[in-house]
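>>> Can you look at this prediction? I've put the sequence above it.
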Amino acid sequence: MLLRHTTGEIKEPTALTINPAKTCQPIGAMYAALGIHGCLPHSHGSQGCCSYHRSALTRHFKEPVMAGTSSFTEGSSVFGGQPNLLQALNNMFTIYNPDIVAVHSTCLSETIGDDIGQIVSKAITEGKVPEGKHVIHASTPSYQGSHVTGYANMLEGIIKGFAAPSVIKRDQLNILAGWVEPSDMREIKDICKTMGVKIVMVPDTSDVLDAPQTGKYEMYPSGGTTIPELISMGQSKLTLGLGSWCTELAAKTLERTCKVGFDIMDLPIGLRATDRFIMALSRYGNAEVPKSITAERGRVIDIITDMQQYLYGKKVALVGDPDQLLPLTEFLVDLEMKPVHIVSGTPGSKFKTKMEKILKDKVPNANIANGPLADMYQLHQWIKNEPVDLLIGNTYGKYIARDEDIPFLRMGFPIYDRVGHNYFPVTGYKGAMRLLEKILGLLLDRQDRDSPEETFELVM
Ligand code: SF4
């Protein structure tokens, strides 16, 4: 019993997070920056922060994640980190030769009030940023928000740094990808290609954080959105933001600066959210839905029809990020499952309202919480009071799953103890099939394990 101190007696927390359902802002900023080709993220703070951000991403993706740090000492903590950042930019461009450095702040540099924009301007004036190279930046104080907020802030920083207004218009759509795996980013691009819709997607971590083993280390892998693509975003017809928490800020900035309108939709996770994405591509991209995509959808329906008896009425607890949880919950409801406990550490007043709308007919009394006080301790307490048949969440959920003996589906960030998440998508119809296969596998394995010998069936 690893979490033996969790009690069934629920007291609403007022000022304490016990087992957080989130990580820190700069991790999200670093992940978004890695989706730009030739970009080296830089953490403006202490070495310890940067080590944590890098190790979290390295452990999740099982890939080496490079980043610079301003290496704050006691002196910089008191007098400011300007000299450190100036030196760091000079060193990084001289030694590691990135095309872009993406600087994000940390709790410490935000608290002392470093103005990163001003420091970057000074670096450019002093010739520390070579001709043709770029520095972008984002404010990511981790005492607010979560890794999702950091991702959104850096995505806005990327747009501010590159998208240029233009009177020329191209027949292309911008896709602002919410926080998903490299495999999902590849899947979203593949869907657009199959539909015949030209897109610029940012960020794009496919072929960066799932790069093949070639025996040769490449500091800047082949993937990532390129600078010309980023500049061309100001010429696109429209921006599709996939997940409002991650993309709405950047979409609004792009509209304001380049007059490119936007539509924010859910990440295409599950059946209906994928339907909406496909129809939006068809509408805005003026494209027919090809037979291959319709057939893929049909296969999802076929699995649901065949296996619905094993899904019906099963109770599920969920922990994760809002942009993923909303379409995932909708999918579970479509499968006639019952999401009864839902927690996200990421704040945002719309979360509860949107979730209640999805659940109002099928699970009107679900427990839903998000924000700084919504944690996995609370989720565990809810589960003790109303047990579930399945838990879905990141690796930290394994402690609850073990203590309560619940089948556990790893999904979200971070996943430290399994592989596969960055190679197989959960988005699109292919992703829906993978989710179904995983959920059914867990439920049927449990049924096999718990069946007495007289009802242990070969064919289920
Ligand atoms: S001090 Fe702040 S920025 Fe640094 S690792 Fe901790 S939460 Fe993240």
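That came through fine.
>>> How about the stretch 351-460 of the chain: which residue is closest to the ligand?
P372 (12.4 Å; CB to the nearest ligand atom). The way it works is simple: take the backbone N, C-alpha and C, and place the C-beta from them, glycine included.
>>> quick one: that residue and T111, what's the gap?
Distance, P372 to T111, using CB to CB, to the nearest Å: 17 Å.
>>> what's the neighbour count on whichever residue of the stretch 201-350 of the chain sits closest to the ligand?
Distances between the stretch 201-350 of the chain and the ligand by CB to the nearest ligand atom are smallest at G345, namely 12.4 Å. By the measure other CB atoms under 10 Å, the count of residues near G345 is 26.
>>> same thing with T125?
Around T125 there are 9 residues (other CB under 10 Å).
>>> Can you check which helix is longest in the chain?
helix 428-450 (DSSP state H).
>>> then that one to PDB, C-alphas only?
In PDB, the C-alpha atoms belonging to helix 428-450 read as follows (Å, rounded to 0.1, in the frame of the first residue of the first chain):
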ATOM      1  CA  GLY A 428      -7.800  10.100 -35.500                       C
ATOM      2  CA  TYR A 429      -9.700   6.900 -36.300                       C
ATOM      3  CA  LYS A 430      -6.500   4.900 -36.000                       C
ATOM      4  CA  GLY A 431      -6.000   6.300 -32.500                       C
ATOM      5  CA  ALA A 432      -9.600   5.500 -31.600                       C
ATOM      6  CA  MET A 433      -8.900   1.900 -32.600                       C
ATOM      7  CA  ARG A 434      -5.800   1.800 -30.500                       C
ATOM      8  CA  LEU A 435      -7.600   3.200 -27.500                       C
ATOM      9  CA  LEU A 436     -10.400   0.700 -27.900                       C
ATOM     10  CA  GLU A 437      -7.900  -2.200 -28.200                       C
ATOM     11  CA  LYS A 438      -6.100  -1.100 -25.100                       C
ATOM     12  CA  ILE A 439      -9.200  -0.500 -23.000                       C
ATOM     13  CA  LEU A 440     -10.700  -3.800 -24.100                       C
ATOM     14  CA  GLY A 441      -7.400  -5.600 -23.400                       C
ATOM     15  CA  LEU A 442      -7.300  -4.300 -19.900                       C
ATOM     16  CA  LEU A 443     -11.000  -5.100 -19.100                       C
ATOM     17  CA  LEU A 444     -10.800  -8.600 -20.600                       C
ATOM     18  CA  ASP A 445      -7.500  -9.400 -18.900                       C
ATOM     19  CA  ARG A 446      -9.200  -8.500 -15.600                       C
ATOM     20  CA  GLN A 447     -12.200 -10.700 -16.400                       C
ATOM     21  CA  ASP A 448      -9.900 -13.600 -17.200                       C
ATOM     22  CA  ARG A 449      -7.900 -13.100 -14.000                       C
ATOM     23  CA  ASP A 450     -11.000 -12.900 -11.800                       C
END
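>>> element containing P64, please.
Element membership for P64 (DSSP states H and E) is empty, with no helix or strand holding it.
>>> can you check L89 too?
helix 82-91.
>>> Quick check: buried residues in that helix?
Using 16 or more other CB atoms under 10 Å as the burial criterion, the residues of helix 82-91 that qualify are 82, 84-86, 88-90.
>>> hmm, who's touching that helix?
For helix 82-91, the external contacting residues (CB atoms under 8 Å, 6 or more residues apart in numbering) are 42, 44, 68-72, 76, 101, 103, 114, 116, 119-120, 122-123, 126, 128-129, 135.
>>> So the closest residue to S183 other than its chain neighbours: helix, strand or coil?
Spatial nearest neighbour of S183, chain neighbours left out: P425 (4.5 Å); criterion: CB to CB, 6 or more residues apart in numbering. Using DSSP: H, G, I helix; E, B strand; the rest coil, the structure places P425 in coil.
>>> how many neighbours does P425 have?
If you count neighbours by other CB under 10 Å, P425 ends up with 27.
>>> Local confidence estimate at it?
pLDDT for P425: 98.
>>> cool, the one 5 residues further on as well?
K430 is assigned a predicted lDDT (pLDDT) of 98.
>>> Three-state assignment for the residue of the stretch 151-300 of the chain found nearest the ligand, please.
When scored by CB to the nearest ligand atom, the stretch 151-300 of the chain has N153 as its residue closest to the ligand, at 12.7 Å. When classified by three-state DSSP, N153 comes out as helix.
>>> residues contacting the residue lying closest to it once chain neighbours are set aside?
Ranked by CB to CB, 6+ apart and with sequence neighbours excluded, the top spatial neighbour of N153 is A138, at 4.3 Å. Applying CB under 8 Å, 6+ apart, we find A138 in contact with 29, 102-105, 150, 153-154, 156-157.
>>> Stretch 13-26 near the ligand at all?
Yes - applying CB under 6 Å from any ligand atom, one finds stretch 13-26 in contact with the ligand at 24, 26.
>>> again, but for stretch 51-64
Yes - applying CB under 6 Å from any ligand atom, one finds stretch 51-64 touching the ligand at Y52.
>>> So which residues make contact with the longest helix of the chain?
Contacts to helix 428-450, defined as CB under 8 Å, 6+ apart, come from residues 184, 187-188, 190-191, 268-271, 274, 277, 293, 296-297, 299-300, 303-304, 307, 310-311, 314, 328, 331, 335, 389-390, 407-409, 411, 424-426, 456, 460.
>>> buried stuff in that helix?
428-436, 438-440, 442-443.
>>> before we move on, the earlier item: between P372 and T111, which has more neighbouring residues?
Ranked by neighbour count (other CB under 10 Å), P372 and T111 place P372 first, with 19 against 13.
>>> And that one, how far from H147?
P372 sits 13 Å away from H147, going by CB to CB.
>>> can you give me the helices in the stretch 51-200 of the chain?
Counting by DSSP state H, counting those that start in this stretch, one finds helices in the stretch 51-200 of the chain at the ranges 74-79, 82-91, 107-112, 116-125, 147-162, 182-195.
>>> okay, the ones you listed, which one's buried deepest?
When the helices of the stretch 51-200 of the chain are scored by mean count of other CB atoms under 10 Å, the highest mean neighbour count falls to helix 147-162 (a mean of 26).
>>> what packs against that helix?
helix 25-33, strand 100-105, strand 134-138, strand 199-202, helix 227-232, helix 244-258 (3 or more CB pairs under 8 Å, 6 or more residues apart in numbering; DSSP states H and E).
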